[in-house]
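Visitor: Here is a sequence with its predicted model. Questions after.
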Protein chains: 2
Amino acid sequence: MIARAMTETSLAQRLLNGDRRALARAITLVEDDRPEGWELVREIYPHTGKAEVVGFTGPPGVGKSTLIGALTKARRAAGRTVGVLSIDPSSPFTHGALLGDRIRLSEHFLDQGVFIRSMANRGALGGLSEAALQAALLLDAAGRQDVFVETVGVGQAEIDIIDHADTIVLVLMPGSGDSIQALKAGVMEIPDVIVINKAEHPLTDTMVREIRGVLSLANLDRSPEEVRGSWRVPIIKTEATHGRGIEELVSALDEHRAHILSKGQLSERRRRNLRNEVLAIATARMRRRLEEELREDSEFQHLLDEVVERRLDPASAAATLLERAAGVEQPVE
Amino acid sequence: MIARAMTETSLAQRLLNGDRRALARAITLVEDDRPEGWELVREIYPHTGKAEVVGFTGPPGVGKSTLIGALTKARRAAGRTVGVLSIDPSSPFTHGALLGDRIRLSEHFLDQGVFIRSMANRGALGGLSEAALQAALLLDAAGRQDVFVETVGVGQAEIDIIDHADTIVLVLMPGSGDSIQALKAGVMEIPDVIVINKAEHPLTDTMVREIRGVLSLANLDRSPEEVRGSWRVPIIKTEATHGRGIEELVSALDEHRAHILSKGQLSERRRRNLRNEVLAIATARMRRRLEEELREDSEFQHLLDEVVERRLDPASAAATLLERAAGVEQPVE
């Protein structure tokens, strides 16, 4: 136990010194859900909270990786260090697409100031989201000044993953109509910054107008005070492959940070996110423990047979499980 | 207690007799998460499992409600009774859109053979998904032969809600490029039937080809035996406002049912879904109980302060919570 603690201390120390190999090893420990990973995060946690964390979401194919690549270049030119965390979806036939994305970031592979890492979804989204936050904390502790977290997807689950970010960027391209519809219907929450990439497309300005319409509709639900005091979501047009619009995006990110700092919203946001994170980790562990207990459990199989044969309803089966699982008393309903 | 049980028995009895007002009241009880609602589901559960449950998902604006309206008409013409459950997203500015959707179903409002109900998302998606399944069970017990469940959205969370369905239909329209990208990237699971609505659009056939490409790519991950034995996802072109393609959709739904019945997949699917449902209800209740315990908990606020001030990491805070919450022993990591 003492020997293990020693090793961990030195891994933590190397990580805090910015050692890239220590960082890579640490993220693997977290991704594999190893106790040493959690122990490590516990050690380095007091050194976190300094990085500026930006989350990017949006449908596949809009050029998020290219955009992050261009942004990384700009941040490096300003002398800042960058960490990129790319969260992969779970499908078996995804490899190709994400390999391509990684190649788009490859010009940074030899730059010591840039650390790029993909994380795959190994199970429930909750689990991945949990691991992604830990990895972001590791990048933060390792001294990365900018941490970019990227998710592929267009639903609420994807927003949840990057919800720990200080700034959330939704990346679209002309033609990503579903996402605008989802924004309009309130399925997707309003992000802090919207980027329309591949803006050389002739329909870009139509799309900008459409998004402005959605945003002003969203404002109708707010009081005039809220609207005045609140952040006006900028819509930035970029052509990431040619580096166009990246300067404007950098400014928008800086302005958003200044805004949330000046309004005290950064600490509010972080408190809310950390609260949700604590609850999410607790819930994920409760579920995992339950699933582990049930894997080889003949009593559960019997309970399930009862449910399948319509003799016992799912909620009663769940109540029975909860009663048994932890010996917790269950209110009789 | 006895008096309450009596009342419930009679509500259950009226529901089992197909009484529409009893059905409406029962769904409200479930939606409001009232103990009587859960008690009612327990009573009627032995009478469920007969309805053919079809789930519809897809981005907002593709015409899911119109399609379900047309399908309802076809099923009614064949003498079947229909229940429609429409799951609304949580946004405050959604009302307009869904009111429109309800109007599109309005020609069925006076038909006693059709029961239409919207359910709103009141909190976590888990909670809504839980309530939606209970409502579907109530429709089933009330003798609805076809139950159509509709969700607005394009992510995994939306698929989870309709995962209890026997058949999952993804509805797209020409131009819903994000969804095809999401299918391609494996963010969205392959549904059982794909509908391209508004098929009068000139780009429809291009879209069909693109989707076929995605589907054959998905098959590359399977063995030849799996592909031979497995369901070939049909792509149905519809113009729901004119009733075009609805007959083909009805046939595809019937064929899918025949397929999963002949392969024993229907009972397999239902067993898996019921298992997930039991675990989801158990997890949701654990989380809710935890949140309730913490709402006014000064110790939790203190724990959270520690996390915000970077003295205690989120995972350790979660472990402390779990230890305390149920007196469950926690492995020391």
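Guide: Received it, and whenever you're ready, just let me know what you need. Numbers count the residues shown, from 1 in each chain, chains lettered A, B, ... in the order given.
Visitor: C-alpha only now, for contacts and for neighbours.
Guide: Fine.
Visitor: where does the stretch 151-300 of chain A have low pLDDT?
Guide: A:153-160, A:187, A:221, A:227-229 (pLDDT under 70).
Visitor: Tell me where it has helices.
Guide: With helices called from DSSP state H, counting those that start in this stretch, the stretch 151-300 of chain A shows them at A:156-161, A:177-184, A:204-219, A:224-229, A:246-262, A:265-295, A:298-308.
Visitor: Let's see the second one as PDB, backbone CA atoms only.
Guide: Backbone C-alpha positions of helix A:177-184 (Å, rounded to 0.1, in the frame of the first residue of the first chain) are rendered in PDB as follows:
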ATOM      1  CA  GLY A 177     -30.800  21.400 -40.700                       C
ATOM      2  CA  ASP A 178     -31.600  18.800 -38.000                       C
ATOM      3  CA  SER A 179     -29.500  20.700 -35.500                       C
ATOM      4  CA  ILE A 180     -31.300  24.000 -36.100                       C
ATOM      5  CA  GLN A 181     -34.600  22.200 -35.800                       C
ATOM      6  CA  ALA A 182     -33.500  20.700 -32.600                       C
ATOM      7  CA  LEU A 183     -32.400  24.100 -31.300                       C
ATOM      8  CA  LYS A 184     -35.700  25.500 -32.400                       C
END
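Visitor: Report the angle between it and helix A:204-219.
Guide: 20 degrees (axes from the mean of the first three to the mean of the last three Cα atoms, to 10 degrees).
Visitor: Quick check: which of the helices of the stretch 151-300 of chain A is nearest to residue A:49?
Guide: The closest of the helices of the stretch 151-300 of chain A to residue A:49 is helix A:265-295. By Cα to Cα, the value is 9.2 Å.
Visitor: List the buried residues for that closest one?
Guide: Residues of helix A:265-295 classed as buried by neighbour count (16 or more other Cα atoms under 10 Å in any protein chain shown): A:266, A:269-271, A:273-287, A:290, A:294.
Visitor: which residue sits closest to residue A:19, ignoring its sequence neighbours?
Guide: Taking Cα to Cα, 6 or more residues apart in numbering or on different chains as the measure, residue A:19 lies nearest to residue A:142, with 7.4 Å between them; neighbours along the chain are not counted.
Visitor: For that neighbour, list the residues it contacts.
Guide: Shown in contact with residue A:142 (Cα atoms under 8 Å, 6 or more residues apart in numbering or on different chains): A:15, A:16, A:17, A:18, A:19, A:23.
Visitor: Drop anything exposed from those residues.
Guide: The neighbour-count criterion (16+ other Cα under 10 Å) marks A:15, A:16, A:18, A:19, A:23 among those as buried.
Visitor: from the residues you listed, which single one is nearest residue B:134?
Guide: Nearest to residue B:134 among these, with distances taken as Cα to Cα, is residue A:23, at 46.5 Å.
Visitor: measure that closest one to residue A:140 for me?
Guide: 10 Å (Cα to Cα, to the nearest Å).
Visitor: picking that back up, what's the farthest-apart pair in the contacts of residue A:142?
Guide: A:17 and A:23 (9.8 Å).
Visitor: So residue A:304 is in contact with residue B:273, correct?
Guide: No: in this structure, residue A:304 is not within contact of residue B:273 by Cα atoms under 8 Å, at 10.7 Å.
Visitor: any shared contact partners between these two?
Guide: With Cα under 8 Å, 6+ apart applied, the contact sets of residue A:304 and residue B:273 do not overlap.
Visitor: Enumerate every residue touching residue A:196.
Guide: A:171, A:172, A:173, A:174, A:204, A:208, A:235, A:236, A:237, A:238.
Visitor: of those, closest to residue B:318?
Guide: Of those, the one sitting nearest to residue B:318 (Cα to Cα) turns out to be residue A:171, at 32.8 Å.
Visitor: got the domain boundaries for chain A?
Guide: A:1-45, A:48-263 (automatic domain parsing).
Visitor: pLDDT of the first one, averaged?
Guide: I take that to be domain A:1-45. Mean pLDDT, computed over domain A:1-45, is 84.
Visitor: picking up where we left off before, could the helices of the stretch 151-300 of chain A go into CSV alongside distance to chain B?
Guide: CSV is the format used below for the helices of the stretch 151-300 of chain A (distance: least, Cα to the nearest Cα, whole Å):
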stretch, distance to chain B
helix A:156-161, 6
helix A:177-184, 6
helix A:204-219, 7
helix A:224-229, 15
helix A:246-262, 16
helix A:265-295, 5
helix A:298-308, 6
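Visitor: Out of those helices, the one nearest residue A:52 is which?
Guide: Closest to residue A:52 of these is helix A:246-262 (Cα to Cα; 8.4 Å).
Visitor: Between helix A:265-295 and the closest one, find me the angle.
Guide: For helix A:246-262 against helix A:265-295, the angle by the same axes, to 10 degrees is 90 degrees.
Visitor: elements contacting helix A:246-262?
Guide: Secondary-structure packing of helix A:246-262 (3 or more Cα pairs under 8 Å, 6 or more residues apart in numbering or on different chains; DSSP states H and E): helix A:64-77, strand A:167-172, strand A:193-196, helix A:265-295.
Visitor: since we're on residue A:110, how many residues are nearby?
Guide: Residues within reach of residue A:110, counting by other Cα atoms under 10 Å in any protein chain shown, total 9.
Visitor: and it, that one's in a helix?
Guide: No: looking at residue A:110 with DSSP: H, G, I helix; E, B strand; the rest coil, it is coil, so not inside a helix.
Visitor: For residue A:87, what is the enclosing helix or strand?
Guide: strand A:82-88 (DSSP states H and E).
Visitor: which residues are contacting that strand?
Guide: By Cα under 8 Å, 6+ apart, strand A:82-88 touches A:72, A:75-76, A:98, A:113-121, A:132, A:135-136, A:139, A:144-152.
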